[in-house]
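**Q** I would like to see how this sequence folds:
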Amino acid sequence: MSEFRWPVRVYYEDTDAGGIVYYANYLKFFERARTEWLRQLGFNQELLRQQGILFVVREVNAKYKQPARLDDELQVSVAVEKMGKASFNIVQTVYRVSSEEEQTLVSGSVSIACIDDKGKPRIIPADILSAV
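**A** Numbers count the residues shown, from 1 in each chain. Prediction:
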């Protein structure tokens with residue numbers, strides 16, 4: 001699959017006392033984009049949960065390059081780097097988008113595991129694997 005992008009606007013609640021996005025909030029932006037990516041593929045996380053299919057973060061790595069500020073228009077990308085039987089790795093990037101340019105603010109990698117409702121690893125269903 002190609003890169004998926006989700007728009008995010010920076011609100012006051014996303015910023016710290018200095019008026020820039022608090023570093024941990026970028027992980028929330030990553031999460032929102034992954035949720036919308038799955039939704040765009042046709043998979044609702046609540047329905048998956050009801051079927052005993054959960055995706056959890058195993059590891060995350062983020063490199064902060066430039067700060068985002070209040071009212072910035074951002075885009076958060078999702079691109080699958082590697083698929084396994086019960087896990088996959090995603091590359092995510094937060095961009096500031098303006099009419100003049102696109103600037104990379106944060107780049108990261110996220111390792112996702114598929115588990116059942118008891119917390120045990122499970123194979124990613126074939127329909128999800130084929131959609132990704």
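
**Q** okay, now F43: neighbour count?
**A** The number of residues packed around F43, counting by other Cβ atoms under 10 Å, is 18. For every residue, glycine as well, the C-beta is placed using N, CA and C.

**Q** and V97, by the same measure?
**A** Using other Cβ under 10 Å as the criterion, V97 is surrounded by 14 other residues.

**Q** any idea of the pLDDT on it?
**A** pLDDT, the model's per-residue confidence, is 89 for V97.

**Q** list the residues that contact it.
**A** Under the criterion of Cβ atoms under 8 Å, 6 or more residues apart in numbering, the contact partners of V97 comprise E73, L74, Q75.

**Q** how about the second one: what's its closest non-neighbour residue?
**A** Sequence neighbours aside, V8 is the residue nearest to L74 in space, at 4.5 Å (criterion: Cβ to Cβ, 6 or more residues apart in numbering).

**Q** surely the one you found touches S77?
**A** No - under the criterion of Cβ atoms under 8 Å, V8 makes no contact with S77, lying 11.1 Å away.

**Q** pull up the overlap in contacts between the two.
**A** By Cβ under 8 Å, 6+ apart, the residues touching both V8 and S77 are A33, V94.

**Q** what about A33, distance to Q75?
**A** 9 Å (Cβ to Cβ, to the nearest Å).

**Q** ditto for P125
**A** 29 Å.

**Q** assign the residue nearest to L74 to helix, strand or coil.
**A** In three-state terms, and counting by DSSP: H, G, I helix; E, B strand; the rest coil, V8 is strand.

**Q** and if you look at F29?
**A** helix.

**Q** how deep is it tucked in, by neighbour count?
**A** When counting by other Cβ under 10 Å, one arrives at 22 neighbours for F29.

**Q** run through the residues that contact it.
**A** Contacts of F29 were listed using Cβ under 8 Å, 6+ apart, and they are V8, L74, V76, V94.

**Q** got it, and N25?
**A** Shown here is N25, whose contacts under the criterion Cβ under 8 Å, 6+ apart are D14.
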